[in-house]
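Visitor: Here is my input, please return the structure:
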Amino acid sequence: DTTFNFTGLVSGATYSVQIIANDSYVTTDPSDQLDVTTTLLPASGLHVTDRTENSVSLAWDAPANALISGYRIESRTVTNPGSACLALANIDCPADASDWQDVDEVDANTTSFTVSDITPCISKSGGVGALTPCPVTQYRVVAFNDNVQADPSNTVTADVAFNAPGAVTGLTATVTASGI
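Guide: Numbering: from 1, shown residues only. As a prediction, the model looks like this:
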């Protein structure tokens with residue numbers, strides 16, 4: 001048999017393999033060494049845990065049995081998301097040629113991150129009864145080590161929670177001879 005299946009390997013680790021053939025009469029010299037890096041499994045379960053007027057908090061699950069140095073948090077702006085994208089907060093919305101940008105990196109023991117200092121967007125009127133939608137922001141997480149990076153996690157769409165000012169109450173007017 002000329003094949004062998006290694007089991008129990010760590011995701012994202014590099015292994016060195018050499019072959020030595022032997023039978024009851026002779027043992028060969030070792031073959032050339034082959035270095036093989038296993039595929040690094042991605043982070044999963046990315047979700048939004050909190051939103052404020054200027055931040056979005058994210059959390060994810062670490063891949064099991066993986067050699068990870070850290071996670072890179074990435075974002076992109078979707079300028080024309082469409083109604084289906086806005087209605088569902090975790091689908092992969094079209095990006096309108098906006099590429100993923102690095103937000104920050106965290107170490108392998110960290111599985112949450114808060115993106116802060118976000119400026120909220122207020123929809124602008126595009127005419128009578130029409131609003132120009134604000135762009136939405138998508139986030140994803142990429143696990144990495146010194147040798148390889150994983151495929152990105154699932155994508156979530158999240159924006160800051162904009163709290164519009166409440167209605168004015170307690171307003172009074174006094175009518176005088178010269179006007180209000």
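
Visitor: use CA for all of it now, contacts and neighbours both
Guide: Fine.

Visitor: Can you tell me how far Asp61 is from Asp99?
Guide: 24 Å (CA to CA, to the nearest Å).

Visitor: Who has more neighbours out of those two?
Guide: Asp61 (15 against 12; other CA atoms under 10 Å).

Visitor: Run through who's touching the helix or strand hosting Val36.
Guide: Taking DSSP states H and E as the definition, Val36 sits inside strand 34-37. For strand 34-37, contacts defined as CA atoms under 8 Å, 6 or more residues apart in numbering pick out 12-18, 147-148.

Visitor: Just checking, which helix or strand of the protein averages the lowest pLDDT?
Guide: Least confident helix or strand, the chain: helix 82-87 with a mean of 50, by mean pLDDT, DSSP states H and E.

Visitor: any idea which element the residue nearest the centre of the chain lies in?
Guide: Centroid check for the chain by CA atoms, centre = their mean gives Arg140 as the closest residue, at 1.1 Å. Assigned by DSSP H and E, Arg140 belongs to strand 136-144.

Visitor: So which elements touch the helix or strand just after that strand?
Guide: Downstream of strand 136-144, the next assigned helix or strand under DSSP H and E is strand 156-157. Identification of packing neighbours for strand 156-157 by 3 or more CA pairs under 8 Å, 6 or more residues apart in numbering; DSSP states H and E yields strand 44-51, strand 136-144.

Visitor: May I have the strands that pair with strand 156-157, each with its orientation?
Guide: Using DSSP bridges, the strands paired with strand 156-157 are strand 136-144 (antiparallel).

Visitor: for the partner strand, which positions count as buried?
Guide: 136-144 (16 or more other CA atoms under 10 Å).

Visitor: Redo these as a markdown table? Include pLDDT.
Guide: Below are the buried residues of strand 136-144 laid out as a markdown table (pLDDT from 0 to 100):
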| residue | pLDDT |
| --- | --- |
| Val136 | 79 |
| Thr137 | 87 |
| Gln138 | 91 |
| Tyr139 | 94 |
| Arg140 | 95 |
| Val141 | 97 |
| Val142 | 96 |
| Ala143 | 95 |
| Phe144 | 95 |
